[in-house]
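> Okay, sequence plus prediction incoming.
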Amino acid sequence: MPELEKTYTPAEVEGRWYQQWLDDKCFEADPARVSEKRPAYSIVIPPPNVTGVLHMGHVLNNTIQDILSRRARMQGKEVLWLPGTDHAGIATQNVVEKTLKKQGVIKHRDDLGREKLVEKIWEWKDKHGDIIIDQLKKLGASCDWSRQRFTFDPEYNACVMRVFVDLYKKGLIYRGKRMVNWCPSSLTALSDEEVEMRQQSGFMYHFKVEVVEEPGTWLTIATTRPETIPGDTAVAVNPKDERYAHLIGKHIRRPLPLENQAAIPIVGDEHVDFEFGTGVLKVTPAHDKADFEIGQRHKLEVIDILHPNAVLNDLAGKDLAGLERFEGRKKAVELLQELGAFIKEEPHSNNVGYSERAGVPIEPRLSEQWFLKYPSVKESQEVVANGTMKFYPDRWAKVYDHWLTGIQDWCISRQVWWGHRIPVWSKQHSGWTAECNSDHAKVCAIAARRKDFTVQKIDPDLIDPDNTDRPVQIFVAIAPDDSADSDQANYIKEIEALGFTQDPDVLDTWFSSWLWPFATMGWTGDKAQDAANPTLKAFYPTTDLVTGPDIIFFWVARMIMAGFEWMGELPFKNVYFTGIIRDKQGRKMSKSLGNSPDPLDLISKYSADALRFGIMRSAPLGQDIRYDEQNVELGRNFCTKLWNSCRFRQMQGGATENEIDPALLSSDDKWILLRLNTAIAEVSTALDEYRFSDATATLYRFFWSEYCDWYIEASKAVLQGTDEKRRANTLAVIDFVISHTLRLFHPFLPFVTEELWHGMGYSADMPADQGGKSIMFAPWPKPLDADELAHFGILPEDEKAANDKYETVILGRGLKSTFNINKRVRFVLKPSTELPEHEIEVLRILLNAEPLEVSADFTPTKGTPSALTPLGTMYLPLDGLIDVEAERARVDKELTKVDAELEKVRAKLADTNFTSKVPQKVLDEHNQRATDWQEKKAKLEEMLKALG
């Protein structure tokens with residue numbers, strides 16, 4: 001076998017092996033290979049936005065998915081890790097619009113129009129859309145790239161349209177006017193997920209209003225938004241509030257606009273918190289969700305005083321009209337001051353919703369939108385409640401259940417151009433007229449010619465044959481027809497020839513991604529066709545989903561509903577929720593804070609394996625992660641240690657992976673085999689339970705401490721000896737341990753383990769599909785069973801025998817440490833039992849003793865330090881090493897100084913004048929100081945005792 005390079009060069013290794021894996025189609029899943037003996041394992045990637053670039057959250061999420069996928073391959077499963085990207089409607093359109101504006105191509109999207117802008121977005125997507133995919137490959141993601149999907153693929157688009165029409169046909173989709181999150185920059189409704197709450201420092205403005213029926217009676221109102229006063233249609237008080245309850249039913253005079261100081265009612269509503277502000281709430285139904293609900297309960301007028309771009313309109317009054325909302329706020333305060341109605345302003349902090357993509361405060365806005373009543377809610381709730389689908393950590397199950405219990409209808413329409421356009425054509429009539437009846441009859445006739453995937457519906461809410469004067473709108477919903485004689489384009493032309501126009505809105509991005517687990521696998525909606533689909537049959541439902549808890553409602557819950565609604569079963573069996581990556585100060589990583597490193601820089605500096613291992617080492621189950629670059633550096637050091645340990649094995653020469661002779665096993669050999677067994681069991685259990693940081697902790701402990709620090713050092717007693725048979729047997733044990741260790745490490749460190757697997761020759765005698773081609777197909781290690789342990793003659797007490805030896809070494813090293821001795825020194829062991837020569841040589845090497853004397857008759861001189869060990873008493877003769885008298889004098893002097901410091905800090909802690917006044921932090925520091933001095937005193941006293 002070729003000798004490993006002296007230094008590991010990850011950049012060259014990673015690029016070479018990833019390309020090899022792709023060339024060998026190692027990641028490609030074949031449903032034909034799925035059988036009872038080769039079960040399926042499947043996982044779909046949470047599709048990153050086409051605008052995305054790799055960030056630390058992607059590193060965490062995709063490393064976990066890769067670990068699960070690679071381990072499943074090693075367990076002999078047929079693995080499909082299905083990748084893809086999301087069109088990210090608002091985000092992508094924003095990026096392209098900003099680019100075009102910067103280039104001077106447009107000032108507004110209308111300058112290009114819908115078709116031209118969408119063309120530009122496609123051009124951008126074709127050029128930039130796969131950046132994050134290429135970056136995931138650098139991380140080592142073993143996705144089946146041959147199955148890469150995009151939410152705008154023609155087949156996927158067809159799925160989205162089918163689902164819309166199906167829900168519309170079932171009466172679950174409707175059009176209505178509701179309060180939504182509105183982005184004044186992107187000019188569209190937003191989902192709650194697209195709104196991020198930010199702490200804002202602003203002001204609470206207090207102004208007074210007079211009760212119309214009681215001149216001279218004034219109420220004080222506190223608000224953060226005085227610019228919305230012209231939209232107030234009532235003030236509300238809590239009917240239980242004794243200060244104001246008697247005023248319910250009366251009116252106040254609204255101060256703005258100046259030209260329309262209308263009298264508006266005082267209503268009683270229990271929503272009002274009489275502890276907040278003054279207990280009197282201005283009610284602006286058009287511009288606040290809670291106010292809208294109050295308005296609905298009390299049948300209040302709704303006055304919308306804002307244009308869609310958050311500029312005040314004419315209803316705000318001549319003094320405010322045309323002003324941007326924040327300028328309007330300043331002007332409103334000035335107007336209140338001029339009226340003598342302004343009382344004061346106070347600093348106030350509150351959470352304000354911001355558009356995640358546009359970075360501007362959102363507006364609650366009453367808007368006509370498309371809404372969806374969620375399907376299959378009961379099944380989706382029960383599958384988690386009864387444990388059929390498991391959440392990790394399980395605390396998220398309660399959060400999920402709570403949300404589903406009070407679920408609200410979903411606003412699914414967006415006012416942008418990049419997205420799945422709503423497949424509804426409509427035409428409005430002045431009433432249920434002859435022309436309307438004719439149009440209705442014609443579309444119904446056209447509908448009769450269509451196949452299953454085309455559905456027409458007349459909106460029953462807007463049809464009233466008994467009221468011929470009421471405006472009537474006919475809606476036609478059209479889904480794609482996949483039949484061979486499909487003539488959808490002509491069908492749409494017929495509809496449009498009647499004057500029908502397609503709805504300009506597009507669907508919320510989540511409306512497409514909730515179909516991800518099955519729409520990516522070729523689902524058509526035809527039961528017979530889907531039943532014959534080999535990919536769906538083999539890999540659906542998927543096994544695991546890895547995602548963040550922040551989208552538990554917006555994606556996870558909706559995918560579960562979609563799975564039950566269209567597949568009749570759950571979409572995945574287990575859901576692992578990652579934590580949030582934070583910096584060392586506990587802050588969430590973000591570009592704005594500048595505290596998020598570029599993963600590609602870390603890969604370049606440390607390697608992909610190092611980044612993966614570092615991030616997983618600090619990722620406890622479902623908890624937030626405190627990122628520290630030192631963990632990535634430790635990952636690199638770990639890879640180097642792994643590399644050097646394999647080079648050490650190569651330097652010993654000899655045949656690779658010889659048979660182990662049980663008769664020649666030393667206590668150290670048996671100990672490391674038992675420790676390997678424990679590591680295999682612990683890592684396997686940790687991965688079964690999604691405890692990734694526990695798995696890395698076990699791997700670190702086993703390899704770095706137990707194998708390198710103890711076993712390899714102990715094995716030098718044989719490797720440096722003259723017994724060739726024992727030497728060959730020890731090398732066989734080393735090969736056995738390394739080959740198993742590389743396999744345990746592979747899911748975490750795919751590149752370096754692949755290079756070492758081949759470099760060490762462990763792939764040479766393996767079948768191609770069991771490790772001969774790649775370590776990713778080598779069998780996942782299993783602990784030795786009872787028969788194998790018996791074959792090797794390994795007993796539980798063998799582990800204790802080795803542990804006693806290592807504890808003896810630790811105590812001996814402690815004697816040297818006490819006296820700050822770093823060189824080789826003489827040790828004497830007065831044994832409590834007879835020790836074989838081999839064990840004595842191991843002790844000598846581990847103690848770095850020169851020499852190690854073993855004498856049952858040893859009589860120490862006065863002042864010789866000693867330690868009672870499991871193997872007897874260990875002595876460290878100090879003759880010639882230190883001047884005992886001088887050392888004793890030094891320790892005495894140091895002890896006197898420590899006593900003085902200890903007394904000083906104890907006196908302070910006993911002084912109530914001090915302890916009652918200082919901050920807790922200072923008190924904690926003094927308590928820690930007392931502990932530190934006490935520990936130092938104990939150590940000095942131990943040294944003094946050892947000196948006699």
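Thanks, I have the structure now.
> With just CA atoms, put the helix or strand hosting D804 into CSV.
Using DSSP states H and E, D804 sits within helix 796-818. What follows is helix 796-818, C-alpha atoms only, in CSV (Å, rounded to 0.1, in the frame of the first residue of the first chain):
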residue,chain,number,x,y,z
PRO,A,796,-15.2,-8.2,32.3
GLU,A,797,-12.4,-8.3,34.9
ASP,A,798,-9.9,-7.7,32.1
GLU,A,799,-11.1,-4.1,31.9
LYS,A,800,-10.6,-3.7,35.7
ALA,A,801,-7.1,-5.1,35.5
ALA,A,802,-6.1,-2.5,32.9
ASN,A,803,-7.9,0.3,34.7
ASP,A,804,-6.0,-0.5,37.9
LYS,A,805,-2.7,-0.2,35.9
TYR,A,806,-3.8,3.2,34.3
GLU,A,807,-4.9,4.5,37.7
THR,A,808,-1.5,3.6,39.1
VAL,A,809,0.1,5.6,36.3
ILE,A,810,-2.2,8.6,36.9
LEU,A,811,-1.2,8.6,40.6
GLY,A,812,2.5,8.3,39.8
ARG,A,813,2.3,11.2,37.3
GLY,A,814,0.5,13.2,40.1
LEU,A,815,3.6,12.8,42.3
LYS,A,816,5.8,14.4,39.6
SER,A,817,3.2,17.2,39.0
THR,A,818,3.2,18.0,42.7
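> which residues does the residue nearest to P750 when sequence neighbours are not counted contact?
Residue nearest to P750 in three dimensions, not counting chain neighbours: G140, with 4.8 Å by Cβ to Cβ, 6 or more residues apart in numbering. C-beta: built from backbone N, CA, C; applies to glycine. When contacts are counted by Cβ atoms under 8 Å, 6 or more residues apart in numbering, G140 is found next to 14, 18, 66, 608-609, 612, 750-751.
> can you pull out the strands in the stretch 751-900 of the chain?
825-831, 849-854, 866-869, 872-875 (DSSP state E, counting those that start in this stretch).
> Including distance to L372 and mean pLDDT, could those go into JSON lines?
JSON lines is the format used below for those (distance: least, Cβ to Cβ, whole Å; pLDDT from 0 to 100):
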{"stretch": "strand 825-831", "distance to L372": "78", "mean pLDDT": "92"}
{"stretch": "strand 849-854", "distance to L372": "77", "mean pLDDT": "90"}
{"stretch": "strand 866-869", "distance to L372": "72", "mean pLDDT": "88"}
{"stretch": "strand 872-875", "distance to L372": "76", "mean pLDDT": "90"}
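> So which of the ones you listed is nearest V79?
V79 lies closest to strand 866-869 among the strands of the stretch 751-900 of the chain, at 50.1 Å (Cβ to Cβ).
> can you list contacts of stretch 521-531?
When contacts are defined by Cβ under 8 Å, 6+ apart, stretch 521-531 is touched by residues 82, 155, 158-159, 162, 166, 452-453, 482, 515, 533, 535-537, 539-540, 566-567.
> When you filter these down to buried only, what's left?
Neighbour-count burial (16 or more other Cβ atoms under 10 Å) is assigned, among those, to 82, 158-159, 162, 166, 453, 482, 515, 533, 535-536, 539-540, 566-567.
> Return the subset of those residues lying in strands.
Within those, membership in strands is found for L82, as judged by DSSP state E.
> Report the lowest-confidence entry in the buried ones among the contacts of stretch 521-531.
Least confident entry in these, by pLDDT: F453, with 42.
> before we move on, the earlier item: would you format the strands of the stretch 751-900 of the chain as CSV with mean neighbour count and distance to E379 included?
Putting the strands of the stretch 751-900 of the chain into CSV (neighbours: other Cβ atoms under 10 Å; distance: least, Cβ to Cβ, whole Å) gives the following:
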stretch, mean neighbour count, distance to E379
strand 825-831, 20, 70
strand 849-854, 17, 70
strand 866-869, 17, 64
strand 872-875, 21, 68
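> N309: which of those strands is closest?
When the strands of the stretch 751-900 of the chain are ranked by proximity to N309, the top entry is strand 866-869, at 79.4 Å, counting by Cβ to Cβ.
> Extract the CA atoms of that closest one and return them as PDB.
Backbone C-alpha positions of strand 866-869 (Å, rounded to 0.1, in the frame of the first residue of the first chain) are rendered in PDB as follows:
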ATOM      1  CA  SER A 866       4.300   8.300  47.900                       C
ATOM      2  CA  ALA A 867       0.800   7.300  46.600                       C
ATOM      3  CA  LEU A 868      -1.300   4.300  47.400                       C
ATOM      4  CA  THR A 869      -2.300   2.700  44.100                       C
END
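> Against which helices or strands is it packed?
Under the contact definition 3 or more Cβ pairs under 8 Å, 6 or more residues apart in numbering; DSSP states H and E, strand 866-869 sits against helix 796-818, strand 872-875.
> Deepest-packed of these, please.
Of all the helices and strands packed on strand 866-869, strand 872-875 has the most neighbours on average by mean count of other Cβ atoms under 10 Å, namely a mean of 21.
> Please name every helix or strand in contact with that one.
When contacts are defined as 3+ Cβ pairs under 8 Å, 6+ apart, strand 872-875 sits against helix 796-818, strand 825-831, strand 866-869.
> circling back to that earlier point, could you dump the helices and strands packed on strand 866-869 into TSV with distance to L835 added?
Rendered in TSV, the data for those read as follows (distance: least, Cβ to Cβ, whole Å):
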stretch	distance to L835
helix 796-818	9
strand 872-875	9
